[in-house]
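In: Pasting the sequence and the predicted model now:
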Amino acid sequence: MSEETDINTNNYETAPLPLPLDEKIGGIRAVFGGSSDLLIKRARIAGNDIVIAGLEGMISNSDTSRMIMVPLMNAPLPDRLPPEELFGYISKKMLLSLDTAILTTYGDIISRLMSGFAVIMTDGVGKAVCAGIQGFSARGISEPSSEGSITAAHEGFTEAIHTNISLVRRRIRSPLLQFRLIKIGTVGKTEAALVYMNDRVPHKLIRRISSRLKSLPPETVLGYGSAEPFIVRSRPSLFSAASTSERPDVVCARLIGGRICLLIDGTPYALIVPAVFSDNFQTVDDYNFKPYYAAFIRIIRYCAFIFSIFLPGVYVAVAMHHREILRSELLLNLACAEMTSPLPVASEALIILLFYEIIREAGIRLPKSIGGAVSLIGGLILGDAAVSAGMITDPMLLVCAISVTAAFVIPSLNQPVSILRLLCVAAGGVFGLFGISLAAVMITADVCSLESFGVPVTSPLSPFTPAAAGDIILRESMDKLTVRGMTVEKYRGADI
């Protein structure tokens, strides 16, 4: 029979499987358009023609031989069997894989093939059976690159979603922890997992997020940044209404707190909603330290956040508009330093900060073997040469260095901090301390007005929730924290 078929890439999703084997093969080949990674293996068992299909690089060849080919060849079957009986024997008694399913449409087959399944089809049967024998290469579990820890586990998510699911399941061994697999992207059909605790998240919110995921407009989703704007749908802001993490233990803590996490195949970061601003200043180590030291470290992080944004702007405002508030000795040193620079104070600060962003971006994009050398050359050699040449002054370089170093304490806020720092320098240079005050009010208003699925980002401080206030700036003892059982749904209840 000819393998010509009317099945194509536009109508295969719900098209039923025909009975003839050649038509099934022709339909699959038509959908893939003759792609060379489609593997088709024909065989004849009990007087019937069968086919085993898979995608090269997505399935394990050794597992295919051991779990499918060898049992098929050695099956104690008579010389002839009706096609339905043979299909029933293969699907119920022969396959050794735990992950099996019966497929009835071309859409089911294509989806399973691209997920690393082997598909077995029999002539004369309008169904197929698949077995999970994934064998694609993936990076092994390694230490998180952006969320370092001293006392916590040194495990981070990988790009393989099923590995990430196992990392979460291993830490929360409860049937209340649920994973809902969803295909996202109109063309790419990327696999994503919605993770939540069934007893701590409103089912209405789960249905709402699931509906948004299934209707994502991007053709393919290669990272959380392609999905976040369509899931959260918050107003424009420099700050995000969702948070991310590459640590399984952090994700588990958020799940226990009633959050919803999204794991996307191909990215080692989990997207967490609803977001709370105070999460950026908490680490896993805080819960392994003594409460007094954890509180001390958190206060340092909040101070570092303020310094990273406002310190260069305040320096520029004082140097240009409010020199009278400085001591005479400090004012004299500042005047002597500025006399050697050909640039205005505000322009000098903007140049230094922009130069830092260039160095940082170069260090990230270059290979790791030379990325450190770029940072060393830019930070020490070029900086010292610029000061010696009189292009920039020592006080300005020191202030910008403190601001940049303070931003390293809170890496999750690096994007808004980088922009706000420049805006504060401009505001301080034009309006002085009044401009800095105005910028501080606007930043505060921006954060306070941001919500994530009805939960204010500033919760539980605004609106104030006393039961959760013991783990924001200060950290109470573990015996008090463990008995409260606070979830973000209670933050929402305090607001609505």
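Out: Ah, there it is.
In: what sits against the closest residue to Ser97 other than its chain neighbours?
Out: Leaving out its chain neighbours, the residue that sits closest to Ser97 by Cβ to Cβ, 6 or more residues apart in numbering is Ala131, at 3.9 Å. No exception for glycine: its C-beta is placed from N, CA and C like everyone else's. Shown in contact with Ala131 (Cβ atoms under 8 Å, 6 or more residues apart in numbering): 67-68, 95-97, 99-100, 117-118, 120.
In: next one: Pro416
Out: Here Pro416 is in contact with 238-239 (criterion: Cβ under 8 Å, 6+ apart).
In: before we move on, the earlier item: dig out what the residue nearest to Ser97 forms beta bridges with.
Out: Here Ala131 shows beta-bridge partners Thr100, Ala118, assigned using DSSP bridges.
In: Distance check, it against Pro16.
Out: According to Cβ to Cβ, to the nearest Å, Ala131 stands 21 Å off from Pro16.
In: circling back to that earlier point, now the contacts of Ala131 in JSON lines, with neighbour count?
Out: Formatted as JSON lines, those follow (neighbours: other Cβ atoms under 10 Å):
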{"residue": "Met67", "neighbour count": "19"}
{"residue": "Ile68", "neighbour count": "24"}
{"residue": "Leu95", "neighbour count": "21"}
{"residue": "Leu96", "neighbour count": "13"}
{"residue": "Ser97", "neighbour count": "15"}
{"residue": "Asp99", "neighbour count": "14"}
{"residue": "Thr100", "neighbour count": "15"}
{"residue": "Phe117", "neighbour count": "26"}
{"residue": "Ala118", "neighbour count": "29"}
{"residue": "Ile120", "neighbour count": "25"}
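In: which among these gets closest to Gly47?
Out: Ile120 (16.4 Å; Cβ to Cβ).
In: Is the closest one within a helix or a strand, and which one?
Out: Using DSSP states H and E, Ile120 falls within strand 117-122.
In: Counting by contacts, list what that strand packs against.
Out: Here strand 117-122 touches helix 21-32, strand 48-55, helix 83-89, helix 106-113, strand 128-132, going by 3 or more Cβ pairs under 8 Å, 6 or more residues apart in numbering; DSSP states H and E.
In: contacting residues around the longest one?
Out: Just to be clear, that refers to helix 21-32. If you take Cβ under 8 Å, 6+ apart as the criterion, helix 21-32 is touched by 1-5, 7-9, 12, 15, 17-18, 38, 40, 49-51, 53, 106, 109-110, 113, 121-124, 128.
In: Show me which helix runs longest in the chain.
Out: Criterion DSSP state H: the longest helix present in the chain is helix 291-321.
In: Quick one: mean pLDDT for that helix?
Out: Helix 291-321 shows a mean pLDDT of 93.
In: for Ala439, what are its contacts?
Out: 310, 313, 420, 423-424, 427 are the contacts of Ala439 under Cβ under 8 Å, 6+ apart.
In: what do you get for Val314?
Out: 424, 428, 433, 436.
In: got the residues you listed as CSV, with neighbour count and pLDDT columns?
Out: Below are the contacts of Val314 laid out as CSV (neighbours: other Cβ atoms under 10 Å; pLDDT from 0 to 100):
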residue, neighbour count, pLDDT
Cys424, 25, 96
Gly428, 29, 94
Leu433, 16, 94
Ile436, 21, 96
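In: circling back: least confident of the contacts of Ala131?
Out: Ranked by pLDDT, these bottom out at Leu96, which has 72.
In: nearest spatial neighbour of it, skipping sequence neighbours?
Out: Excluding its sequence neighbours, the residue lying closest to Leu96 (Cβ to Cβ, 6+ apart) is Met67, at 4.4 Å.
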